[in-house]
Every structure is written in structure tokens, then in C-alpha cells.
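K.L.:
Take this sequence and fold it.
(one chain, ligands or ions: 2)
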Amino acid sequence: HPKHFLDIADFDASTLNGIIAQARAMKDARKGCPKGLREKDEPLKGRMLALIFERPSTRTRVSFEVGMRQLGGETLVLSSNDMQLGRGETIADTARVLSRYVDAIMIRAARHSNLTDLAASATVPVINGLTPLTHPCQVMADVMTLEEHVAPLKNLTVSWVGDGNNVAASWIQAVGRMGGKLKIGAPKELSPAADVMAWAKAQGADVSVTTSPEEAVEGADCVITDAWVSMHDTDGETRHNLLKPYQVNGALMKRAKPDAKFMHCLPAHRGEEVTDEVMDSKNSLIFDEAENRLHVQKSILLHCLGA
Ligand code: CP
Ligand code: NVA
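P.N.:
Ligands and ions are numbered 1, 2, ... in the order given. As a prediction, the model looks like this:
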């Protein structure tokens with residue numbers, strides 16, 4: 001089987017911590033280097049990564065393109081609109097064809113089943129670059145960021161405030177595998193998916209859900225939020241109404257631990273889910289976590305391609 005990277009729940013703690021440790025080592029070794037400089041040993045020299053986008057992206061696209069090149073490899077960016085995929089060619093056939101041309105495939109999928117169908121038929125590693133259900137690369141970068149700035153995840157209390165969405169689901173999986181305490185504050189209608197919560201419970205993970213944002217941030221080392229309306233959502237107005245009380249602002253941050261950090265996967269909607277005051281505060285880690293997408297995905301690529 002190819003070594004896919006589909007979801008955090010698929011891996012044990014030692015593999016996940018190993019990927020993060022390798023990312024930190026590569027990041028440290030590059031301090032002050034030009035961004036376009038390749039790693040000396042070019043471990044992915046001659047390898048080709050295809051990036052399929054069924055949805056737009058800034059960070060995921062640029063961090064995978066730059067990361068693959070730093071490792072000595074090359075990339076192909078494919079918008080699903082420009083592929084026969086957009087005219088009804090099956091995912092399975094697309095997977096079989098691409099596997100003849102490239103060494104690995106990343107997909108940002110419009111449906112989670114597009115990711116799993118691709119992985120089932122590809123003979124090369126497939127990486128999840130976000131689906132409506134999960135965003136594992138993002139949360140790997142987030143965990144790396146928290147460990148750099150605060151402490152190992154297993155010693156931390158993390159609060160998720162707002163929509164119980166794809167990034168939240170990957171956070172639940174991260175705590176299920178790597179430990180730590182996750183407190184989710186979300187409206188009942190937008191609670192995390194029942195199957196992910198049941199999985200967390202079966203792991204004995206310390207994950208709780210409340211409808212109170214104040215209760216959710218109590219004791220938090222870090223408060224995290226995300227857009228009220230994700231790319232796959234169609235009910236924007238309902239979501240705005242439900243999520244208005246969940247804005248992360250200065251008053252809510254004061255109820256977390258003194259000096260609690262703030263994270264957001266970006267893009268943010270300033271003035272909606274989070275205020276400028278919090279985004280631009282000294283405890284905001286938003287650009288460090290964006291940077292760490294690059295480092296952690298390089299480590300994920302090395303894991304998948306066995307280099
Ligand atoms: N956080 C994130 O995945 O950003 P993009 O949508 O810009 O890739
Ligand atoms: N939850 C957001 C994350 C974007 C990176 C979305 O799915 O649109």
C-alpha cells in the first residue's frame with residue numbers, strides 16, 4: 001500500500017510526533033536561508049507531486065509547492081475545472097492515470113469521499129489538503145506551533161470556539177492520538193460530527209463540548225477559531241446568526257489563562273469570528289502557524305515518499 005496521509009486518526013502518537021520533530025529539525029536547519037534554497041541532499045530529487053484543487057487555496061498551494069521544491073522535487077498544480085474530472089471522469093480512473101505520471105498526489109477535495117476514492121485507487125501516496133470533514137496538515141502545523149511556543153500538546157488545554165468544522169475534527173483527532181485537553185464551545189447546531197466525537201470517546205480522549213464560549217475558554221493555554229462559513233457551506237446567513245455569540249475578542253481572551261495564545265488557520269474574516277485586537281495581539285500565532293504548514297508538510301512528504 002502507498003503511504004497515504006489522509007487523517008491524523010490513521011497514525012499513532014509516535015509517528016505523528018516523529019513527523020513534527022523532523023519538521024522542527026528541518027526548520028531550524030534553514031534559519032536565515034533564502035526561501036528558494038534547496039536542502040543540500042535534495043531528498044526528493046526527481047520526484048513529482050501533483051496538487052489537485054477542487055477548491056481555492058493560498059497557504060496549502062504555496063506551502064506544498066515551495067516545500068516540494070526545497071526538497072529537490074517538482075510540482076504540478078491541477079485545477080479540477082481544467083481536468084476531465086470536471087466533466088465526469090471518475091476519481092478512480094483519474095487516480096490510476098495520475099499514478100502513472102507522478103510520485104504523489106495532494107488533493108483539496110470538494111467531498112471527503114473524493115479523497116478516499118482517490119486513495120483507494122492510486123498506487124502512489126495521497127495527501128489530504130482539506131476536505132469538508134478534515135484538515136490534517138493544518139492541525140499538524142498547529143500542534144508544531146503550540147509546541148514551539150508553549151509546551152507539548154499532552155500538557156496543554158486547547159479551546160476551539162465557533163463552528164465544529166473540518167479543522168475542529170482534525171483537532172479532535174490530534175488530541176485523541178497525541179493527548180492534551182480540548183474544550184469545544186459551539187452552538188448545538190454546529191457541534192462537531194457525532195462520529196468524530198464517538199471516536200474520541202472510544203480513545204478515552206479528553207474532549208468536551210459546551211454551548212458556552214466562556215466556559216470553553218476557561219483554563220485555556222490557546223484559543224482557536226475559524227471562519228463561520230467554510231468553503232463547502234451554503235447556509236451563510238444562518239451560520240452568521242448562530243455564531244455571532246462565539247466571536248473571539250479581547251473580553252473572551254481575558255477568560256482564558258493569562259497570556260493564552262490565539263490561533264486561526266486563516267483566511268480570517270476580521271470583525272466576524274475574531275477581532276483585529278486578538279488577531280494582531282502579541283499572543284497571536286497566526287503567521288507562525290501559516291509558516292509551519294511549509295515545514296510540517298515537507299516532513300509529511302518525506303514520510304509518504306519514504307525518503
Ligand atoms: N489554512 C489553509 O488551508 O489556507 P488555504 O485555504 O489558503 O490553503
Ligand atoms: N474551515 C475552512 C478552512 C479553510 C482553510 C474551510 O473549510 O473553508
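
K.L.:
Can you give the contact residues for the strand or helix carrying Ser208?
P.N.:
For Ser208, the element it lies in under DSSP states H and E is strand 206-210. With Cβ atoms under 8 Å, 6 or more residues apart in numbering as the test, strand 206-210 has contacts from 164, 172, 175-176, 179-186, 191-192, 197, 200-201, 216. Just so you know, the C-beta spots here come from the backbone N, C-alpha and C atoms, and that holds for glycine as well.

K.L.:
Can you flag the buried ones in these?
P.N.:
Using 16 or more other Cβ atoms under 10 Å as the burial test, the contacts of strand 206-210 include 164, 172, 175-176, 179-186, 191-192, 197, 200, 216 as buried.

K.L.:
Output the set of residues of the stretch 1-150 of the chain in proximity to ligand 1.
P.N.:
Residues of the stretch 1-150 of the chain found near ligand 1 (Cβ under 6 Å from any ligand atom) are Ser57, Thr58, Arg59, Thr60, Leu130, Gln138.

K.L.:
can we see that at 8 Å?
P.N.:
The interface of the stretch 1-150 of the chain toward ligand 1, taken as Cβ under 8 Å from any ligand atom, is made up of 55-61, 63, 108, 129-130, 135, 137-138.

K.L.:
In helices, which of the residues you listed fall?
P.N.:
The members of these that map onto helices under DSSP state H are Arg59, Thr60, Arg61, Ser63, Cys137, Gln138.

K.L.:
Would you mind splitting this structure into its domains for me?
P.N.:
In terms of domains, the chain is parsed into 8-134+293-304, 138-289 (source: automatic domain parsing).

K.L.:
how distant is the last one from the center of its chain?
P.N.:
This means domain 138-289. Chain-centre distance of domain 138-289: 12 Å, with Cα atoms, centre = their mean, to the nearest Å.

K.L.:
can you check the first one too?
P.N.:
Relative to its parent chain, domain 8-134+293-304 has a centroid offset of 12 Å by Cα atoms, centre = their mean.

K.L.:
contacting residues around the nearest residue in space to Glu74 that is not next to it in sequence?
P.N.:
With sequence-adjacent residues excluded and distances taken as Cβ to Cβ, 6 or more residues apart in numbering, Glu74 is closest to Met48, at 5.2 Å. By Cβ under 8 Å, 6+ apart, the contact set of Met48 is Gly73, Glu74, Thr75, Leu76, Tyr101, Val102, Asp103, Ala104.
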